[in-house]
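# Task: produce atomic coordinates for the following.
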Amino acid sequence: MTDNGVQKQIKQAQGSILKALSMRFTRLFSLVIKEFYSVWRDPKSRSLLFIPPILQLFLFSHAATLDIENISLAVLNEDSTPVSREFLSKILGSKYFKKIIFTKNLEGLKKALDTETVRGALYIKNDFTKKYLAANSAANGNMQGGADVELILDGRHTNGSQIIGAYLSQIASDFEASSAVLPFSSGISSGIGSSEILITTRNRYNPNLYYHWFIISSLVGILSMSMVLLLSALSLAREKETGTFDELLVSPLKPYEILFGKLVVPIFFGCIDGAIILLAAKYIFHLPLLGSMPLYLFALISFLVSVSGVGLFISSLTKTQQQAMLGVFVFMFPAMILSGYSAPVENITPEILQNLTLLNPLRFFLVISKGIILKNINFYLCILNLIPIVVISIFTLFVANYSFKNKLE
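Numbers count the residues shown, from 1 in each chain. Now for the predicted structure:
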């Protein structure tokens, strides 16, 4: 075979390869165009492409932060002198502390912390000024002790407790550094770097600040919610895709009966998951489980009913399982961010987002979960957080039932 023949065959082979690649690219391009058109032609899918990322950008940037601000602090000041008042004014003047609630006794401190009115409690004893001036005086050779201040923090929020403690330690150091220019410190050295104020920190409900205690008591609600929300949202969407939804609507079943039937299975498996997590919490992670488990189970069922109502409402608005999963995604992540799990609710800005958390059942269940597991909250405090969950359950089920009735009409 001549060189011209070989070159001709090579050119033919190259042409065939290019033709095959061109055809493959054309088919691939057609498929891409088809998929793009399938997504874009549906208004619901089109809205899900842009609205959720914008909303989540807004939520994450304001709520998902490691900085702790707008802190409320309970204070028992038995000293009541210009020195202690100036120290408290430094705390209140900090950007991190929103308000100081003064109590008259230790019982008031305990109550404010138990009801989660405050994140921390500060106990200033009646000898605060005396010890502070003695420790700060250059003429006094005894520098072994300082003014004792007891800080009691809510150990259910491990990261927040450590951050609040660091804030107050820094404020105490700044207060010592500025003591030379204060009216009450004439003739007193500044004492920078010394130990004029000794902050003793105690963490209630989680003394050793075990992170597992905080996260697992929260995961009971979060993991159960994600599973129940997905099951309930996919239930009707699956019926629509398989073509059995119309048969369900023309069956003798009433809308509320369909609703009840669709609720039972997700709630059942949600309770099973919750029980498994609690058993692991007790026997693997050694959480104390101090409160009433029947009360906890009742709270869990009420919470899962509200979540199932949201899932069924999402399912009633969607036509495919893919749309239902996107709807679950849109609801679930903001619900987690606005629950107080990653950052305290009072740390969320602007204030309109804090008000939005009142519509989030997960926020209230996390308070119940950590309260019953870690500190054995009483029935009254549990009911205070159960009432919003029950109200949300009634509303979500009413909306889901209303959407079913519309389908029948």
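
# quick one: pLDDT of the nearest residue to Ile68 once chain neighbours are set aside?
Distances taken as CB to CB, 6 or more residues apart in numbering put Ile163 closest to Ile68, at 4.7 Å, once the chain neighbours are dropped. Backbone N, C-alpha and C define where each C-beta goes, glycine included. pLDDT recorded at Ile163 is 80.

# so how far is Ser80 from Ile163?
Noted for Ile163: a distance of 29 Å to Ser80, by CB to CB, to the nearest Å.

# With Ser315 instead?
Counting by CB to CB - Ser315 and Ser80 are separated by 61 Å.

# what do you get for Leu106?
For Leu106, the distance to Ser80 equals 16 Å [CB to CB].

# now swap in Lys282 and tell me
According to CB to CB, Lys282 and Ser80 sit 46 Å apart.

# what's the answer for Ala177, then?
Ala177 sits 24 Å away from Ser80, going by CB to CB.

# about what we covered before: could you check which of Ser315 and Ser80 has the larger neighbour count?
Ser315 (28 against 12; other CB atoms under 10 Å).

# Quick one: neighbours of the residue lying closest to the more buried one once chain neighbours are set aside, just the number.
Nearest residue to Ser315, sequence neighbours excluded (CB to CB, 6+ apart): Leu236, at 3.7 Å. Using other CB under 10 Å, Leu236 has 28 other residues around it.

# Report the secondary structure state of the residue nearest to Leu287 when sequence neighbours are not counted.
Distance criterion CB to CB, 6+ apart; nearest residue to Leu287, sequence neighbours excluded, is Ala281 at 4.2 Å. Classification of Ala281 using DSSP: H, G, I helix; E, B strand; the rest coil returns helix.

# isn't Ala281 right next to Leu290, touching?
No: counting by CB atoms under 8 Å, Ala281 does not reach Leu290; the two are 12.0 Å apart.

# Give me the more crowded residue out of those two.
Using other CB under 10 Å as the criterion, Ala281 and Leu290 rank with Ala281 on top: 20 against 13.

# how's the chain carved up into domains?
Split into domains by automatic domain parsing, the chain comes to 71-204, 211-408.

# With respect to Ser22, which of these lies nearest?
Set against Ser22 and scored by CB to CB, the domains of the chain come closest in domain 211-408, at 32.2 Å.

# How far does the closest one sit from its chain's centre?
Averaged C-alpha coordinates place domain 211-408 at 14 Å from its chain's average position (CA atoms, centre = their mean, to the nearest Å).

# could you pull out the helices for this protein?
Along the chain, the stretches classed as helices by DSSP state H are 3-40, 43-63, 82-93, 106-114, 128-136, 158-177, 211-242, 245-249, 255-283, 293-317, 321-337, 351-356, 361-375, 379-408.

# Summarise which helices and strands the last one is packed against.
Spelled out, that is helix 379-408. For helix 379-408, the packing partners by 3 or more CB pairs under 8 Å, 6 or more residues apart in numbering; DSSP states H and E come out as helix 245-249, helix 255-283, helix 293-317, helix 361-375.

# any idea how far Leu234 is from Val228?
Taken as CB to CB, the span from Leu234 to Val228 is 11 Å.
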